[in-house]
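Peer 1: I'd like to go over a predicted model; first the sequence, then the structure.
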Amino acid sequence: MCLLAIIILAGGCSKNNEETKDTEYPVIDLSVADAFPQQCGTVKRGQTFTFRARVTDNAELGSVSVDIHHNFDHHSHSTEVQTCQMGAVKTPVNPLLLIKSISIPTGLKTYNVVQSIDVPANADAGDYHFLIRLVDKAGWQTIKGISIKVE
Amino acid sequence: MPQGKFNLLFLKKQTAFCCGRYVQSVYCLLCATAILFILLVLATTNVSAQQNVIKGRVSSHHGHPLSGVVVSLAGYGTQAMTDSTGSFKLPVSQQVNYTVTASHVGYKTQSKTVSYTGGSKSVTFILHPLNHELEEVHIQDNRALNRKQSESMNVEVVGKDFIQRNLGGSLMTTLSRLPGVKTIGIGSGQSKPLIRGLGFNRVVVTDKGIKHEGQQWGADHGLELDQFAASEVEILKGAASFIYGSDAIAGVIDVKPSLPPMPGTFGGSVDLIGKTNNSLYGTSVNVYGRKKNWFFDSRLTYQNYGDYKVPTDTVYVYDFKARLPNRYLRNTAGRESGLHFNTGYIGEHFRSTIYLSNVYSRSGFFANAHGLEPRQVDTLLHDQSRRDIQMPYQEVNHFKLINRSQYHTGKHLLQADIGYQRNFRQEFSIYVNHGFMPPIYPTTLNIPQNLEREFDKQVYSINARDVLQLNRHQLTFGFNAEHQDNQINGWSFLVPAFKQTTSGIFIYDKFALSETVLLHGALRYDYGRLQTFHYSDWFPSEGEFVTRANAFTRSFNSIVWSAGINYTPEGNFSLKANLGKSFRMPIAKELAANGVNYHYFSYEQGNQGLNAEQSYQADVTLGWNTNKWQIQLSPFYNYFPNYIYLNPTGRHDILYGAGNQVFNYSQSRVMRYGGELQVKYRVNNWLSAEALGEYLYAEQLSGEKKGFTLPFSPPPSLLLNVTYQPVQIKALKDAYLSVDYRLTAAQNNTVPPERETQGYRVMNIQAGTKVNFYNRPLMLSLQVQNVFDTRYLNHTSFYRLIQLPEAGRNIILSAKIPFGR
């Protein structure tokens, strides 16, 4: 039976060639020119804005998802150092809620996200979170949460 | 800059690789040695000349061989002593009727008449304890030793003393001092065992003979066990499915209740405990009594603790900075209670015990990390008191009613365990509209607004077996069956309601080939059926009430086996080897999860097509024992053709996953190897030193994460210990002062979504003694955990993902005050 163990083990040994495995997180870059929105940025009701960001990965990008939800309860999960001036805590009536996935063509290491987003005229004005989630093909996820205002 | 980083990475990989190969070659060498020994043994055992002897074996009522038993021929003055396999040989000369008597400390003396007609004649003894109270430590030690010598798998047995000395936040944390045992923990009171890096539903925990069924799959759930009620814990590392069925892939943790008291006694004890780190105070009161045959044993435990303290004032929850005033982790306080009542009858041949218990706990979740979106953290409310439990919190109640009976007649020992348990778990938090949930909680919904999740599990179990002594064979055969009914509630969804029935039959033969060789062989068949129920969301996602679970039924069956050997020659050396196949039925979560786990920002997607997981494992345990040295090396190799793995993908899902990353259950080939080394050196009768090391390597050989390790793989670690026992001071009985220094290496081998963990060194101190208190031994123990208040991250902690360090310095004082006759 130990013989069997050795055979299995040998099988394991020969496989142990450490293929290049991806151990790095993808990067969301909002510092590129015309990236939008920025921390403490503002979007207008009844208008369309364009979400622009550069995403990169050492191996291969997966997908991007955007989540806009209200922060009327001040549940700060902003990942940014800079804090923004926030309105008073309030009860939502018709808050803007948007969850959108942006597909990235396969095989890319760098991609410029350009996505237009409508802000309905009847949405509640106030503080919102703009959450960007980026995954690479290996499954590493980077989250960036920024605070924005809807006016 | 990136160049340098790459070089470093490459270097790291190189070392990991070399190290892996080194361990493998050591392992190959060990295996070769093992084969050599087996051949040697087989060669020598054939030569056994016909002698005029009465020979046989002596075992305990549990079926374990008893060594050191004096076997004598009445009226002839001939005596022999049994060896480690329980075997003896008595030379005889006349063909008459002999009275053979077996006597052993702590057991009832037994005599048998043997009519001797020449050649070699066999006789078997099964000894019963004189009284079943084995409180005396040395008898327990013997039993533990016997257990280790008669089991071909790797077994560790720890008693009440070990638990008292190393008392942690929960029974599992206490056990994590043992090499190869780690825990996945959350907070200061909840944790689950990991055996050699495998946990959750890959480890079986049995309590009073019945498999403990809670919500083992959840990383933030603990085990509902009262560590004061455990008298002995047996840890079996290896492929144990052949006795325990599905799930016992990595091993078994068998928690045993206290033994029935001695006849004509009435007494008890009061345990008092206090901890500085989380300001815990607690007590456990035990009262027992026994007339002749009837006994009772009861216990009441209560513990109350506040928020625990960590050596940091700021944590980053997914990059969000959270301040910790005075370094207390807000809202991690808790309460625990345990109620136990056992009663039963002990007769000559028959005994039966009823165990009734209820374990309850209520504990807060670290407010900043619950649901990762740290909403609703009200620092004014959460920081007003260290002892209050605000939302989010969990409440768990585990009720058990178990009957264990056995009947002993002739060569048969019939045993039956019947159990009912109900695990009722609720998680409360202020409603947060995750994903497409409405911003305001609808008043029309009949789910309480703060009830995030509820799991209500009812389990009926039965085990029956017959242990049969046939000359050199000890044959055990039996069956297990279990039925589960699981209901869910709450405004969040992860796993649907389900019913599950599992059953299995097994046969296990332990064969004493010779005085030094014990062979084991086992075969088992299992059948299981799982039926899930339909679930639809209570809120629309993009206009649609999505169906998250369809009703479906899956059935599984499996044949598992095990083969092993114990070789215990005269002298210092001993060897054990075991090869076995284990299996695990996919759990409801793996088959039917379809919701967002906001602890990880993950959308978990079950897979109805999963096969039952299979595992092959080879284990070797080499021992070397002298008066001064105790060395044990236990390497293992494990292969899974279809390990079930929650795979983080490169995709997001909108409709079902509310924009979160998709994690889907998939199966891949996995190999794991590693081992433990235990070295104990007794310098003299008052000083000893110990080193406990462990190493584990895991790799996925196929699938999307090929080349990556498995999640929660503990890094290598070494525990160094020095123990001083002042035997010369007569006033202090069983006194000890012991220092543990644990060195843990960095874990750089990770798989998404895990981060690398740095190495660390932590020191613990234990001290204690027994003092005379109204002619009874009062036991005092003191522990200082994390002496230097070291800030470190534990790779297997649930809070590791949010970079939360482990608890800071903790001083634990406990006393056990006995009373009664």
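Peer 2: Perfect, I can see it now. Numbers count the residues shown, from 1 in each chain, chains lettered A, B, ... in the order given.
Peer 1: then the helix or strand harbouring B:Q500 to CSV, C-alphas only?
Peer 2: Using DSSP states H and E, B:Q500 falls within strand B:498-512. C-alpha atoms of strand B:498-512 as CSV (Å, rounded to 0.1, in the frame of the first residue of the first chain):
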residue,chain,number,x,y,z
PHE,B,498,-33.6,20.9,2.3
LYS,B,499,-34.1,17.4,3.6
GLN,B,500,-31.3,14.9,3.7
THR,B,501,-31.2,11.2,4.6
THR,B,502,-27.9,9.3,4.8
SER,B,503,-27.2,5.7,5.8
GLY,B,504,-24.4,3.3,5.7
ILE,B,505,-23.3,-0.2,6.7
PHE,B,506,-19.8,-1.3,7.6
ILE,B,507,-17.6,-4.2,8.6
TYR,B,508,-14.3,-3.7,10.3
ASP,B,509,-11.8,-6.4,11.3
LYS,B,510,-8.9,-6.0,13.6
PHE,B,511,-6.7,-9.1,13.4
ALA,B,512,-3.8,-9.8,15.8
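Peer 1: how about it: buried residues?
Peer 2: Across strand B:498-512, burial judged by 16 or more other Cβ atoms under 10 Å in any protein chain shown covers B:F498, B:K499, B:Q500, B:T501, B:T502, B:S503, B:G504, B:F506, B:Y508, B:D509, B:K510, B:A512. Bear in mind the C-beta positions are built from the backbone N, C-alpha and C, glycine included.
Peer 1: looking at strand pairing, list the partners for the fourth one.
Peer 2: Beta bridges link B:T501 to B:H483, B:R529 when assigned by DSSP bridges.
Peer 1: residue contacts, it?
Peer 2: Neighbour list for B:T501: B:A481, B:E482, B:H483, B:Q484, B:G528, B:R529 [criterion: Cβ atoms under 8 Å, 6 or more residues apart in numbering or on different chains].
Peer 1: look up how far chain A lies from the first one.
Peer 2: Taken as Cβ to the nearest Cβ, to the nearest Å, the spacing of B:A481 relative to chain A amounts to 31 Å.
Peer 1: quick check: that residue touching B:T502?
Peer 2: Yes: checked against Cβ atoms under 8 Å, the pair B:A481 and B:T502 is within contact range at 7.1 Å.
Peer 1: can you confirm B:R165 is in a strand?
Peer 2: No: per DSSP: H, G, I helix; E, B strand; the rest coil, B:R165 lies outside any strand segment and is helix.
Peer 1: name the nearest residue to it, sequence neighbours excluded.
Peer 2: B:Q766 (5.2 Å; Cβ to Cβ, 6 or more residues apart in numbering or on different chains).
Peer 1: equivalent analysis for B:R472, please.
Peer 2: Closest to B:R472 by Cβ to Cβ, 6+ apart is B:A512, at 4.4 Å.
Peer 1: what bridges to that neighbour?
Peer 2: Residues in beta-bridge contact with B:A512 (DSSP bridges): B:L518.
Peer 1: so what's B:G68 closest to, chain neighbours aside?
Peer 2: B:M81 (6.0 Å).
Peer 1: tell me who's in contact with that neighbour.
Peer 2: So B:M81 contacts B:G68, B:V69, B:V70, B:V71, B:F88 (Cβ under 8 Å, 6+ apart).
Peer 1: what's the spacing between it and B:S72?
Peer 2: 10 Å (Cβ to Cβ, to the nearest Å).
Peer 1: what does B:Q500 give?
Peer 2: For B:Q500, the distance to B:S72 equals 54 Å [Cβ to Cβ].
Peer 1: how close does B:S555 get to B:V495?
Peer 2: Distance, B:S555 to B:V495, using Cβ to Cβ: 19 Å.
Peer 1: same check, this time on A:Q38
Peer 2: Applying Cβ to Cβ, the value for A:Q38 to B:V495 is 40 Å.
Peer 1: more neighbours, those two?
Peer 2: Between A:Q38 and B:V495, counted using other Cβ atoms under 10 Å in any protein chain shown, the more crowded position is B:V495 (27 against 14).
Peer 1: need the contact list for the residue lying closest to that one once chain neighbours are set aside.
Peer 2: Distances taken as Cβ to Cβ, 6+ apart place B:K589 nearest to B:V495, at 4.7 Å, with adjacent residues excluded. By Cβ under 8 Å, 6+ apart, the contact list for B:K589 reads B:W217, B:L494, B:V495, B:E604, B:G606.
Peer 1: pLDDT of the helix or strand encompassing B:K589, averaged?
Peer 2: Assigned by DSSP H and E, B:K589 belongs to helix B:588-592. The average of the pLDDT scores along helix B:588-592 is 95.
Peer 1: so where's chain B uncertain?
Peer 2: B:1-51, B:62, B:105-106, B:129-144, B:318-319, B:371-376 (pLDDT under 70).
Peer 1: domain assignment for it?
Peer 2: As recorded under automatic domain parsing, the domains making up chain B are B:2-127, B:137-820.
Peer 1: contacts only, for B:F640.
Peer 2: So B:F640 contacts B:E613, B:Q614, B:S615, B:Y616, B:R669, B:V670, B:M671, B:R672 (Cβ under 8 Å, 6+ apart).
Peer 1: strands - which of the residues you listed land there?
Peer 2: Among these, the residues falling in strands (DSSP state E) are B:E613, B:Q614, B:S615, B:Y616, B:R669, B:V670, B:M671, B:R672.
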